[in-house]
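Peer 1: quick one, fold the following:
(3 chains)
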Amino acid sequence: MKRQLIRFAGLLLGLSLLVGGNSCHDRQQKSRGKVAVIISTLNNPWFVVLGETASDRARELGYEAHLFDSQNNPFKETEHFDNVLASGYKAILFNPTDASGSVVNVLQAKRAGVPVFCMDREIDDIDACTSQILSDNYSGCIELGKYFVSQMKGRGNYVEILGLVGDNNTWNRSKGFHAVVDCYPDLKMLSQQSADFDQNKAMEVMESMMQAHADIQAVFCGNDAMAMGAYQAVLAAGKAGKIKIFGFDGAADVINGIRDGKIDATGMQFPRVMARTAAEMADKYIRGEHHLPKKIPVAVELVTRDNIARYEAFGKEGE
Amino acid sequence: MKTLCYKYGKIVLLVLLCLLALRLSFYTESLSARQEREKLSQFSPGQEVDYYWDNYRSSLPGRALDLSAFVGRFRQDPQALAAECGGTPGIGFKTFFLVKTETSDFTMRDDCLELRVEGVKWQIPEKVFGNLARDASGWFDIEHYRNMTEYNEVSSYLNALIMQHIQQVADSSFASGRSCRVCGAVELALDQPLAEAVTLIPFELEFIP
Amino acid sequence: MKTNIRKWTSKPVVKPLLALILMVVAMSFLSENFATSDNFFNVLRQVSVNLCISVGMTMVILTGGIDLSVGSVLALSGAVAAGLVRGGISLPGADLFIGATFWGACLAALAVGAGLGAFNGLMITRFKVPPFVATLGMLTIARGLTMLYTGGFPITGLGSSFEFLGTGWLAGIPMPVWLAFLIILAFAFYMKKSKTGRYIYAIGGNERASLLSGIRVDRVKLWVYTLAGLLSAVAGLLVTARLDSAQPNGGSGYELDSIAAVVIGGTSLSGGRGSIWGTVVGALIIGVLNNGLVLLNVSPFWQQVVKGLVILGAVVMDKYSTKTN
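Peer 2: From the prediction side, this is the model:
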């Protein structure tokens, strides 16, 4: 028994030394402090770009940056906040999992004196965050809606695939789109369903919609992952080219899709711009400038086959 | 006898505890009082927008730049003009300006009222959407709203008021109008020359006979 | 004296406990932020949810069964509590509004948890559905019910009582830790001293023999699953209170962490051997591991790998020791 105990202890110690050894190196470089980058999920390349750009920019500015993955789970996010606040971080660059559920965490950080800068998604409390840098989804979808109307020549049948119904962005995008499209009575929405921002789910939803309505001419998807799913469904049904597909985000596969003529348009969000701005604002705050704007919208640009040359995945060409 | 008391005593105690738990589980209040409270906490853009529309619209022409002068200065040095009297809602947006003009060179088209000033067609659209009116008016501060959804509702409400105003004026005095006076907002990209046609969202529109 | 020491060191909880102590010592050396009181309470608070679930899971596993539905039951009870606190019944005719208080909402959540647990128990005892399958079914049923009840939206703004439960402190110790501690004490005592506690061990050890010796196996099993559901509901209340919102997809994956805690703590998956205190140590090991790896800035992807390796290591060590003994 004693022998195995020693073996087990040795295994555990060895494991932790191995793991600890990896991180020792970071701590030895001189830095101006630690910055935490807490991202809602690293499962989606869009968010990986957001998180890594924020970390890189923070490192460029002289800080030690660490990336945390909330796995789309507010409880995990709470744990990250607990750990970050107990470890002496100077600022948090934050991508919330839930607009109302994450408010508690930000308030906790505020009480502890650590500034929080929200990126891409907002929280439903204007005073808790030091600053929020987000995409203006509403305006972006208004531009998309105008293009949609011009492509459909003001008449036709379409369907809408929404993202997560609990996410503010889903409704900001939908409302922007409808603000324009509902002004044209000859454009009829046949169906509106949610596919939770997931590509596979969107494919299934699109298939059922096509079964239920034979005369769909266009589909508006709340994000690019769903647009790709819808495209796959349309392709499988042999209707590629007959149904126009509109997405939102500016992800790599849709940008290529627009180049190839598979997707009609998308709204390009600029995760790199948002991430860099957040890191720079954190730097300003740590240096002592406390009067920062509380909300900074970042424009979303319409990308179609006419201007696709200027864009690449997640931003402008050469950004 | 004692055991009987004990047994029944236990049951009575249990029942009393359950009743207490039940009573502590809920509360009652007047429905109307609650509805009043809820109405106050809910966001309705109407009140705020109406207030500014009724009381502050007349002060807009004072802040607006005359269109002819505007075009001249824009063509010369757009950055300086923007720094002086333009604004943007955030990063990457076009710059908005408040302008005013009075001209007799106008036509009513299918989907817009077109004014021609300084070689550019200024189009007042029939359908108004977007955030230009809200942002250019300067009446609404983004930091006063809980989230973007509420801030955008202000836009929809304001746009509805503007569309109503355009319709009213067009119906009543267009036919007899010799010249058109308008004060409104435009948005332009600073790194591009003035386009042939620019959308103008009016705050005040009138036809003078 | 020597026999006393032997008695203590042969308890199944000793090995995981020593491993825990070693881990804590190692982490304290490796990260300067680990051994602070703030962090200490963080770990305890984070582990309190898993502790509540795992106590119930221990009892279930001791009878030779398993409960995969704990995460979904947690989510549904949390959602019910949140929904009741936010909503109520309106009677316009009488100008009356009946709303639930904090206690009422908690009671309702506990009732929901216990009810679902009892349903599991019924499926297993009356209809002879294997526990794995029965609780797997409940996992999806409860998740679906949660989605239906919340409409896919989180329910937020739950008031100061929930805030106190989730983030409040009492005598220098966070509320969730108090709750978990009381539950552990109560159930450890229950398992050791009460008749039903001993029956649970007996059933796990040899079900047929227990049945033949007059133990009402079905009754005990039904009771155990109901308790597991009840404890999931308590955990649900803790999670909801901590986040000040009920999430429709809350609690996913919690069953795995709970089973891991039970296994690392020395309880055998085939039942009959194990203890609540072992599970407590197991949950603490997972909590310290999670917390330590984050403090050491290990990539989130590596964290998953390490966690899995520790669980495997613990079970292998355990099997190895029983073989040689």
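Peer 1: just the pLDDT for the residue of chain C most remote from its centre.
Peer 2: Ranked by distance from the centre of chain C (Cα atoms, centre = their mean), the top residue is residue C:93, with 44.6 Å. We note a pLDDT of 76 for residue C:93 in this prediction.
Peer 1: what does it show for phi and psi?
Peer 2: Phi and psi for residue C:93, reported as degrees, to the nearest 10, are phi -60, psi -40.
Peer 1: go on, residue A:299?
Peer 2: phi -70, psi 150.
Peer 1: tally up the residues packed near it, please.
Peer 2: Applying other Cβ atoms under 10 Å in any protein chain shown, we find 21 residues neighbouring residue A:299. No exception for glycine: its C-beta is placed from N, CA and C like everyone else's.
Peer 1: touching, it and residue A:139? I think so.
Peer 2: Yes - using Cβ atoms under 8 Å, residue A:299 and residue A:139 qualify as a contacting pair, with a distance of 6.9 Å.
Peer 1: any common contacting residues for the two?
Peer 2: residue B:93 (Cβ atoms under 8 Å, 6 or more residues apart in numbering or on different chains).
Peer 1: mind showing which ranges of the stretch 1-150 of chain A have poor pLDDT?
Peer 2: Segments of the stretch 1-150 of chain A classed as low confidence (criterion: pLDDT under 70) are A:1-30.
Peer 1: and the strands in it?
Peer 2: If DSSP state E, counting those that start in this stretch is used as the criterion, the strands of the stretch 1-150 of chain A fall at A:34-39, A:64-69, A:91-94, A:116-120, A:131-135.
Peer 1: same deal with the stretch 51-200 of chain C?
Peer 2: Here the stretch 51-200 of chain C has its strands, by DSSP E, counting those that start in this stretch, at C:88-91, C:96-100, C:155-156, C:169-170, C:173-174.
Peer 1: check contacts around residue 123.
Peer 2: Since no chain was named, I'll use chain A. For residue A:123, the set of contacting residues under the criterion of Cβ under 8 Å, 6+ apart consists of A:96, A:99-100, A:102-103, A:106, A:129, A:132, B:147.
Peer 1: could you do chain B instead?
Peer 2: Taking Cβ under 8 Å, 6+ apart, we find residue B:123 in contact with B:109, B:112-115, B:197-200.
Peer 1: again, but for residue A:198
Peer 2: A:225-226, A:229.
Peer 1: and stretch B:92-110, what's buried?
Peer 2: If you call a residue buried by 16 or more other Cβ atoms under 10 Å in any protein chain shown, then stretch B:92-110 has these buried ones: B:92-101, B:103, B:106.
Peer 1: if you could redo that for stretch B:159-172, that was the one I meant.
Peer 2: Burial within stretch B:159-172, assessed by neighbour count using 16+ other Cβ under 10 Å, is assigned to B:159, B:161-163, B:165-166, B:169-170.
Peer 1: can you narrow the residues you listed down to the ones near chain A?
Peer 2: With Cβ under 8 Å from any Cβ of the partner chain as the criterion, the members of these in contact with chain A are residue B:159.
Peer 1: between the buried residues of stretch B:159-172, which is closest to chain C?
Peer 2: residue B:159 (27.5 Å; Cβ to the nearest Cβ).
Peer 1: for the closest one, what are its contacts?
Peer 2: Residue B:159 sits next to A:179, B:128-130, B:133 when contact means Cβ under 8 Å, 6+ apart.
Peer 1: tell me which helix or strand residue C:308 sits in.
Peer 2: If you go by DSSP states H and E, residue C:308 is part of helix C:300-324.
Peer 1: which secondary structure elements does that helix contact?
Peer 2: helix A:2-28, strand A:64-69, helix C:14-30, helix C:254-264, helix C:276-295 (3 or more Cβ pairs under 8 Å, 6 or more residues apart in numbering or on different chains; DSSP states H and E).
Peer 1: what sits against the closest residue to residue B:86 other than its chain neighbours?
Peer 2: Sequence neighbours aside, residue B:95 is the residue nearest to residue B:86 in space, at 4.1 Å (criterion: Cβ to Cβ, 6 or more residues apart in numbering or on different chains). Taking Cβ under 8 Å, 6+ apart as the criterion, residue B:95 is in contact with B:82, B:86-88, B:187-190.
Peer 1: can you rerun that using 6 Å?
Peer 2: B:82, B:86, B:88, B:190 (Cβ atoms under 6 Å, 6 or more residues apart in numbering or on different chains).
Peer 1: now a PyMOL select for only the buried ones of the residues you listed.
Peer 2: The command below creates a PyMOL selection of those among the contacts of residue B:95 that count as buried (16+ other Cβ under 10 Å):
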select buried, chain B and resi 82+86+88
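Peer 1: which of the contacts of residue B:95 sit farthest apart?
Peer 2: Largest separation among the contacts of residue B:95 by Cβ to Cβ: B:88 and B:190, giving 9.5 Å.
Peer 1: check contacts around the residue nearest the centre of chain A.
Peer 2: To find the centre residue of chain A, average its C-alpha atoms and take the closest one (Cα atoms, centre = their mean): that gives residue A:47, at 5.2 Å. Going by Cβ under 6 Å, 6+ apart, residue A:47 touches A:39, A:41.
Peer 1: please name the nearest non-neighbouring residue to residue A:184.
Peer 2: Taking Cβ to Cβ, 6+ apart as the measure, residue A:184 lies nearest to residue A:154, with 5.2 Å between them; neighbours along the chain are not counted.
Peer 1: what strand or helix carries that neighbour?
Peer 2: Secondary structure (DSSP H and E) places residue A:154 outside all helices and strands.
Peer 1: any chance of the buried residues of stretch B:159-172 in CSV, with distance to residue A:274, pLDDT and secondary structure too?
Peer 2: Putting these into CSV (distance: Cβ to Cβ, whole Å; pLDDT from 0 to 100; DSSP: H, G, I helix; E, B strand; the rest coil) gives the following:
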residue, distance to residue A:274, pLDDT, secondary structure
B:159, 27, 93, helix
B:161, 32, 93, helix
B:162, 31, 94, helix
B:163, 33, 93, helix
B:165, 36, 92, helix
B:166, 36, 91, helix
B:169, 41, 90, helix
B:170, 42, 86, helix
